[in-house]
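K.L.:
Return atomic coordinates for the entry below.
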Amino acid sequence: MAGKASSETIFLRVHVAPEISIGPGKADLLEGIRSTGSIAAAGRQLGMSYKRAWHLIEALNGHFAAPLVVSSKGGASGGGATLTELGLEVLQLYREMQLAAEKAIAPSLRKLRRRSVLDMSGRK
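P.N.:
Residues are numbered from 1 along each chain as shown. The predicted structure is shown next:
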């Protein structure tokens, strides 16, 4: 998925409030909605049911000052979903935190990997 920050080093989950967190799954879902214009299509890309994707978006929308995603029902125009300005900002902030965390742990991770029995491919 374009713009998706994949990481083999860290999976960052940020607790925004006691009831809501943003991690790789929700960030990738927001990214998918941005690129496809559809909650269903974004969910399919991630191997997630529409119901699961919808529930995640409802949870995000309910815990911010304004919705992160707005959707319109199908019909002649076909419906769809878009990230709001706040949704784009939240996604960008998460990606920035993810990159900062990866950079912060890189030196220690290299040391840890040198001491590992297996290399990254799973070979001894």
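K.L.:
How about the contacts made by the residue most central in space within the chain?
P.N.:
The central residue of the chain, meaning the one whose C-alpha is nearest the mean C-alpha position (Cα atoms, centre = their mean), is Ala27 at 1.3 Å. Taking Cβ atoms under 8 Å, 6 or more residues apart in numbering, we find Ala27 in contact with 5, 91, 94-95, 98. For glycine as for every other residue, the C-beta is placed from the backbone atoms N, C-alpha and C.
K.L.:
run the last query once more with 10 Å
P.N.:
Going by Cβ atoms under 10 Å, 6 or more residues apart in numbering, Ala27 touches 4-5, 12-14, 90-91, 93-95, 97-98.
K.L.:
Just the ones of those in helices?
P.N.:
Counting by DSSP state H, the part of the contacts of Ala27 found in helices is 90-91, 93-95, 97-98.
K.L.:
In a markdown table, list the contacts of Ala27 along with neighbour count.
P.N.:
As requested, the contacts of Ala27 are exported to a markdown table (neighbours: other Cβ atoms under 10 Å):
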| residue | neighbour count |
| --- | --- |
| Lys4 | 14 |
| Ala5 | 15 |
| Leu12 | 19 |
| Arg13 | 12 |
| Val14 | 16 |
| Val90 | 21 |
| Leu91 | 22 |
| Leu93 | 13 |
| Tyr94 | 22 |
| Arg95 | 17 |
| Met97 | 14 |
| Gln98 | 21 |
